[in-house]
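Peer 1: Quick one: sequence plus predicted model below, questions after.
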Amino acid sequence: MCAVSAPAAKADDDDDECEGCCSPSTDKPGFIAEGITSNSAGDLRPDLANAVDIIFDAANPDAVIDRGGTYILSGKAGEGSLTVKKGTKGVVLVLRDLDLTSSSGSAIRINDDAEVQIVVDGKVVLKDKSPAGKNGAAIKTGNGTAVYVTGSGSMKISSVFDGIAVGMDSSLVIEGKQQIDIAAGHDGISSGSDVAVLEGLLTIAAENAGIHSDGVLTVGENGGDGPDITVSSSKEGLEGDVVNIKGGKLDITASEDGIDAEASGNSDAPEPSVNISGGDIRINAGANGIDSDGNVNIQGGDISIDSCEENACIDYDGELYINKDVSIDCGCGCGCSGGCSSDCD
């Protein structure tokens, strides 16, 4: 183990020993792109006094919502689904002891330009069993949607492909005390736009990315306690054009990079960067602990990284800034070469 608390002398890249590797190369943070921390669906308020009850069972497995309002969803359907039609605004879905499984589409489908708040109330189970190659998801949204997830219950999501999939030009915000458990054959959460996980208890087992964003992925808020996120298995733990970690507790296990900032190719996406200003972060990575195609800015947080032999704790293509008061424990195989960007002596 080693502690990164101040710049170290740069070692020769051809040197196989860990003798400081590379030092932080800037004296101040680079540009940090801010992502979403709220959306219009978060401003909705449940109207329980006038709510519509939708009870799923074998005789009534499917429901379609085409107007705003509060809907309380309960019951169980082995082949069922809920669809919010295109352009429907002001929808609040209270999921109360709901169990839905679908093998022909998503258990919950939110179509283009819709605005939906999901309140997790009680025990919720959502399963997607779409055939391989269908790129399904237990919760799937179209383009231009605003989705806000909150509540105090528990939601278990399983999917052959993505757990939660969000379209382009959309926003997903998770904020509340709910517990969400995702098991996915591809990404746990996948978005073509910005994602914010501000609160809640979130556990993910995924075969590809734990959370993937083609935009800015924000974890926690300045001054807040933040979420508790465990990625128990993944290829890439947290992945986005930009990854901002402001608080919370993160435990990430990845066969490749733990936290990865990689250009998605979106024309309006910001330059890649990983930016950490707070949080208790533990990373066990088969490749780099933190990897950025651009800058890495570490201004705060308690960070521990265990990366695979011959891979850097922190790898970057732009600049690296580490506040002098930040301590980073990094364990590597000391085959540090090329991209090693931390003090592994």
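Peer 2: Thanks, I have it.

Peer 1: Pretty sure R282 sits against S304.
Peer 2: Yes - the criterion here is CB atoms under 8 Å, and R282 meets it with S304 at 5.0 Å. Every residue, glycine included, has its C-beta placed from N, CA and C.

Peer 1: And the closest residue to I252 other than its chain neighbours, which helix or strand is it part of?
Peer 2: Excluding its sequence neighbours, the residue lying closest to I252 (CB to CB, 6 or more residues apart in numbering) is G237, at 3.7 Å. According to DSSP states H and E, G237 maps onto strand 236-245.

Peer 1: so what pLDDT did G339 get?
Peer 2: Looking at G339, its pLDDT is 41.

Peer 1: Kindly report the same for N323.
Peer 2: 86.

Peer 1: Tell me who's in contact with it.
Peer 2: By CB atoms under 8 Å, 6 or more residues apart in numbering, N323 lies in contact with I298, Q299, G300.

Peer 1: Same question for T253.
Peer 2: Contacts of T253 (CB under 8 Å, 6+ apart): V231, S232, S233, S234, G237, N284, A285.

Peer 1: From I229, how far off is the fifth one?
Peer 2: In other words, G237. In this view, G237 and I229 are 9 Å apart by CB to CB, to the nearest Å.

Peer 1: So between those two, which is more surrounded?
Peer 2: When G237 and I229 are compared for neighbours, G237 comes out ahead with 31 against 28, by other CB atoms under 10 Å.

Peer 1: Buried residues, the strand holding G237. List them.
Peer 2: E236, G237, L238, E239, G240, D241, V242, V243, N244, I245 (16 or more other CB atoms under 10 Å).

Peer 1: chain center to that strand: distance?
Peer 2: Distance of strand 236-245 from its chain centroid, counting by CA atoms, centre = their mean, to the nearest Å, is 7 Å.

Peer 1: which strands and helices sit next to that strand?
Peer 2: Here strand 236-245 touches strand 209-219, strand 249-254, strand 259-261, strand 273-276, strand 280-285, going by 3 or more CB pairs under 8 Å, 6 or more residues apart in numbering; DSSP states H and E.

Peer 1: Recalculate using a threshold of 7 Å.
Peer 2: Here strand 236-245 touches strand 209-219, strand 249-254, strand 259-261, strand 273-276, going by 3 or more CB pairs under 7 Å, 6 or more residues apart in numbering; DSSP states H and E.

Peer 1: Quick one: work out the angle between it and strand 209-219.
Peer 2: 0 degrees (axes from the mean of the first three to the mean of the last three CA atoms, to 10 degrees).

Peer 1: need the helices for the stretch 51-200 of the chain, in chain order.
Peer 2: Assigned helices in the stretch 51-200 of the chain: none (criterion: DSSP state H, counting those that start in this stretch).
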